[in-house]
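Asks: model this:
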Amino acid sequence: MASRTIFFDDFAKGKLDRSKWTPVVTGMHVNDELQAYVDSGKVISFTKGNAEGATNGALVLSPTYSPGFKTFDGQQFDFISGRINTKDKFDFTYGTASARIKITSGDGLWPAWWMLGYGNWPDCGETDIMEFVGEADWASAAVHGPHYSGETPFVNRMYFSRDRDVTHWHIYSVEWTPESLLFKFDGVPMFRVNKAMAEHYGNWVFTNKQYLILNFAVGGVYPFKVNGIKKPYYGLSQKTLDLIRAGKAKMIVDWVKVTQNVR
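Replies: Down below sits the predicted model:
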């Protein structure tokens, strides 16, 4: 069966294509995360050419230590970071969403590649294609919906070999059909959630359009539940803080692609 590409960005322009992506500026704060999202070249930047092993340039999301940063809604954070999405610019129902990504390792770093539906969470549906919370030998995928959100029963890890851990390039993808979500890392199936499984808990809401999200969170509940670190920050180690302060914490995205089958 042939497929057609309905979305593609290889970040070759050296700047954000705002016809496709919107940078998020923090207004809602969730998960006890430590960062404020800003629209800034400090946290959303680009490589050129084949730097970092990318092809034809890449997107770089990188949290930055910025003590006392105040958001427009009056809250204060010690970190700023980047989050971009395709909301109201590109969305789709059914197909395969993939991204080639390389990540810095560090306890409390929380980059993610995911999709979200429109409307109130979790009834809108959330598809977490890749989440990483600092342990270099694994990344996870998860599904959230009504009555299976937060501490969702639908989460799974894929463990990498030592010489191919999360600091190396991987292709993280999900194949979405009316009946299931099949997650693959480097083409290898690592988790599948189907309609019958979800309906054991609540409605299967993965029949509506979703949009794409790339972000780099810092600290918060998911890292804390894995590493138990409370100081110097919730879910974030001193070693990782030093990494961020040195400007070495990065999620590098070579490309993002969405395809659909054509009969």
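Asks: from here on, just use CA atoms for contacts and neighbour counts.
Replies: Fine.
Asks: low pLDDT regions in the stretch 101-250 of the chain?
Replies: The stretch 101-250 of the chain contains no residues with pLDDT under 70.
Asks: ok, which stretches of it are strands?
Replies: For the stretch 101-250 of the chain, the strands defined by DSSP state E, counting those that start in this stretch occupy 109-117, 126-131, 138-144, 155-159, 170-176, 180-185, 188-194, 210-218.
Asks: the nearest residue to Asn85 once chain neighbours are set aside pairs with what?
Replies: Distances taken as CA to CA, 6 or more residues apart in numbering place Ile213 nearest to Asn85, at 4.3 Å, with adjacent residues excluded. Under the criterion DSSP bridges, Ile213 forms beta bridges with Asn85, Trp114.
Asks: also the one 4 residues further on?
Replies: Residues in a beta bridge with Ala217, per DSSP bridges, are Trp110.
Asks: distance of it from Lys248?
Replies: Note on Ala217: its distance to Lys248, by CA to CA, to the nearest Å, is 15 Å.
Asks: before we move on, the earlier item: so who does the residue nearest to Asn85 touch?
Replies: Arg83, Ile84, Asn85, Thr86, Ala112, Trp113, Trp114, Met115, Leu116 (CA atoms under 8 Å, 6 or more residues apart in numbering).
Asks: hang on, the earlier thing: closest one to Ser40 among the strands of the stretch 101-250 of the chain?
Replies: Closest of the strands of the stretch 101-250 of the chain to Ser40 is strand 210-218, at 13.4 Å (criterion: CA to CA).
Asks: CA atoms of the closest one as PDB?
Replies: Extracted in PDB, the C-alpha atoms of strand 210-218 (Å, rounded to 0.1, in the frame of the first residue of the first chain):
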ATOM      1  CA  GLN A 210      -4.800  15.800  16.700                       C
ATOM      2  CA  TYR A 211      -2.000  18.200  16.300                       C
ATOM      3  CA  LEU A 212       1.800  17.800  16.800                       C
ATOM      4  CA  ILE A 213       3.900  19.000  19.800                       C
ATOM      5  CA  LEU A 214       7.600  19.100  20.600                       C
ATOM      6  CA  ASN A 215       8.700  20.400  24.000                       C
ATOM      7  CA  PHE A 216      11.400  20.300  26.600                       C
ATOM      8  CA  ALA A 217      10.200  20.400  30.200                       C
ATOM      9  CA  VAL A 218      12.500  20.400  33.200                       C
END
